[in-house]
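S.K.: Got a predicted model here, sequence first, then my questions.
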Amino acid sequence: MLAVITARGGSRGLPRKNVLPFRGRPLIGWTIAAAQASGRIDRLVLSSDDPEIIAVAEGLGCEAPFRRTPALSGGAATSIDVVLDALDRVPGYDVVVLLQPTSPLRTAADIDGTLDRMAAAGAPGCVSVREAQSHPWLVFGQDGEGRLNPFAPPPGGASSRRQDLPPAFVLNGAVYAAEVAWLRRERVFVRPGETVAWEMPADRSADIDTLEDFQAAERLAEG
């Protein structure tokens, strides 16, 4: 099982976020530590284009066996392309785990739980999720004249009272795992009807993109 931490140098929402100090260590350090504490990961590598991020990661014991190309380092590059590039550069693994440094509150138990859930279900992929803050049956869009239309109308006869709503979940960005052969073929981590979920609580589901996200994650970490 190969774990890949993806951390490019450019960040529009929060510049240099991957190496910003977070609770006494660089932000990326929390993801490295969780992966190192995992009982399932066989090898951990970093995919980055940035010399500072590479140096920080290596200083924390994470391999950086290659430097990501400029073509995969811009804002248009997808996570799938970056992970597949890493698999081409570091071949020989059956399962790959994508770990984003913007989820510093995820634990080794979340990584192992995701992999164990995938194996127990016999599924080709498993991703971490949290309960949705807004249920999709209660979310609306507007047409050109401002009239409301539901994004996902409930089935006929279903109650829209909050206490009656079925559970709804969203990806929290913390852990993505997949069989390598399946990922190469499908080029997605989530395929409806195939991918299973590892549920995480809101207090471990911080996903940092902006300064406000960073500050909110600090508050969550403080309990």
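M.R.: Yes, it's here. Residues are numbered from 1 along each chain as shown.

S.K.: Under a three-state scheme, what state does the closest residue to residue 17 other than its chain neighbours occupy?
M.R.: The shortest distance from residue 17 to any non-neighbouring residue, by Cβ to Cβ, 6 or more residues apart in numbering, is to residue 11 (5.1 Å). All C-beta atoms are positioned from the backbone trio N, CA, C, and that covers glycine. The three-state assignment at residue 11 reads coil, by DSSP: H, G, I helix; E, B strand; the rest coil.

S.K.: In the chain, where's the longest helix?
M.R.: The longest helix of the chain (DSSP state H) is helix 108-121.

S.K.: So the chain: which segments form each domain?
M.R.: What automatic domain parsing lists as the domains of the chain is 2-131+169-217, 133-167.

S.K.: middle-most residue in this protein, spatially?
M.R.: The residue lying closest to the centre of the chain (Cα atoms, centre = their mean) is residue 173, at 2.6 Å.

S.K.: Assumed that residue was part of a helix.
M.R.: No. Going by three-state DSSP, the assignment for residue 173 is strand, not a helix.

S.K.: Report the contact partners of it.
M.R.: Residues in contact with residue 173 (Cβ atoms under 8 Å, 6 or more residues apart in numbering) are 100, 102-103, 128, 207.

S.K.: okay, the residues you listed in TSV with pLDDT, neighbour count and secondary structure next?
M.R.: Below are the contacts of residue 173 laid out as TSV (pLDDT from 0 to 100; neighbours: other Cβ atoms under 10 Å; DSSP: H, G, I helix; E, B strand; the rest coil):
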residue	pLDDT	neighbour count	secondary structure
100	97	21	coil
102	95	24	coil
103	97	24	coil
128	98	25	strand
207	94	18	coil
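
S.K.: Good, we can wrap up now.
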